[in-house]
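Asks: Let me see the structure of the following:
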Amino acid sequence: MGQVCLFEIPEFINEKEQNLFKLIKYIGQLEMEQISISAEYWQNILDSQLISQIEQQHIQESVLIIEKKQKDQSLQEEERNLNQDLNQYIENKEKKKAVRKENQHLKVYEHFTINPQKLYIIQEKPNNSIMLQKHLEKTGAITKPAFDVNQITDDSPPLEKEIIDKLNTMNRTPRQKYQFPQTSNQELGWHSNNSHSLSPSKFTYPRKLCKETNYANDYFTMNKISPYSNKFK
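Replies: From the prediction side, this is the model:
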C-alpha cells in the first residue's frame, strides 16, 4: 500500500484518461480510509483495461478496503439504532414501573389544615383599615360601621378545633407549649421566672408636652419651620 506505482503515460490516450493515470500514480501515497471515492468508481477503472497488472492489484486492494469500511459503517449504524430502540424501551419500562409504584403508595390527604410555620401576613388595603374607618365614623364622614376582622357570618366556614389550637399556639413560649423542655438549652431557664422587673428603665425620660410645646408643634406642622428659627422664608 505504501509503494508508488511508477509508469509512463501513453501519448495516444485523451486528456480524461491522462488525469486518471495521474490519480493512479499517486494513489499509493494516500491512506485509503480517508478517500471518499466509492468502490464502483474503482471497479470502472479496472474494467477500462488502461492500467497494468500491478496497478490493477493495487486498486483491487483499495476496493476491498473501501467495501469493508462501508460494511463496517452499516453494521455500526444498525447496532446503534438497535441499542437506541432498546434503551428507549428500557427507559419507558422503568418509567412505567416508577409510576405504578408511586400510585400504589399514593395517599391523597383531603383534610384541610394550617401549618403555623408557613403563615404569611399580607398587609391590608389602606381603605379597609379598621382605625381609618373608625376615625371617619367618629368624624361623621361615613355612616358605614367599621370592618371587623372577627366578624362571622352564616356563610363563613366553621373552623375546626385543630386549626384553632394551631393558631393559638403561634405566639406561645416553649414553656407554654410543652410540659417539659425539648432541648438542652431550654433546660437552663425552664424553671426560672423573670429575674428582673418589667417596669420601664430608670434612664428613660419621655418627653412632656405643655402649651408652648404644643403650639410649636402645630406651628411647625403648618409652616414647615420652627417658630424659634432665625431663618426667614
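Asks: rest of the way, CA atoms for contacts and neighbours
Replies: Fine.
Asks: got any ranges where the protein has weak pLDDT?
Replies: Scanning the chain for pLDDT under 70 picks out the ranges 1-60, 62-63, 120-121, 123-124, 126-133, 135, 140-160, 193-203, 232-233.
Asks: quick one, longest helix in it?
Replies: Using DSSP state H, we find that the single longest helix of the chain is helix 53-104.
Asks: tell me what that helix is packed against?
Replies: The helices and strands touching helix 53-104, judged by 3 or more CA pairs under 8 Å, 6 or more residues apart in numbering; DSSP states H and E, are helix 39-47.
Asks: what comes up buried for stretch 173-193?
Replies: Pro181 (16 or more other CA atoms under 10 Å).
Asks: Check what contacts that stretch and list those residues.
Replies: Thr169 (CA atoms under 8 Å, 6 or more residues apart in numbering).
Asks: The chain should start at 3 in everything you say after this.
Replies: I'll keep to 3 as the first residue from here, and by that count the last item is stretch 175-195.
Asks: how about it as CSV, C-alpha atoms only?
Replies: Taking Å, rounded to 0.1, in the frame of the first residue of the first chain, the C-alpha atoms of stretch 175-195 are listed here in CSV:
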residue,chain,number,x,y,z
THR,A,175,-43.4,30.5,74.5
PRO,A,176,-41.9,27.0,74.7
ARG,A,177,-42.9,26.7,78.4
GLN,A,178,-46.5,27.4,77.4
LYS,A,179,-46.4,24.9,74.5
TYR,A,180,-44.7,22.0,76.1
GLN,A,181,-44.8,20.3,79.5
PHE,A,182,-41.1,19.5,79.6
PRO,A,183,-38.1,21.1,77.9
GLN,A,184,-37.4,19.9,74.4
THR,A,185,-33.7,20.8,74.1
SER,A,186,-30.7,21.2,76.4
ASN,A,187,-30.8,25.0,76.0
GLN,A,188,-34.4,25.1,77.2
GLU,A,189,-33.4,23.3,80.4
LEU,A,190,-31.3,26.3,81.6
GLY,A,191,-34.1,28.7,82.2
TRP,A,192,-37.1,26.3,82.2
HIS,A,193,-37.9,26.6,85.9
SER,A,194,-36.9,30.2,86.4
ASN,A,195,-39.3,33.2,86.4
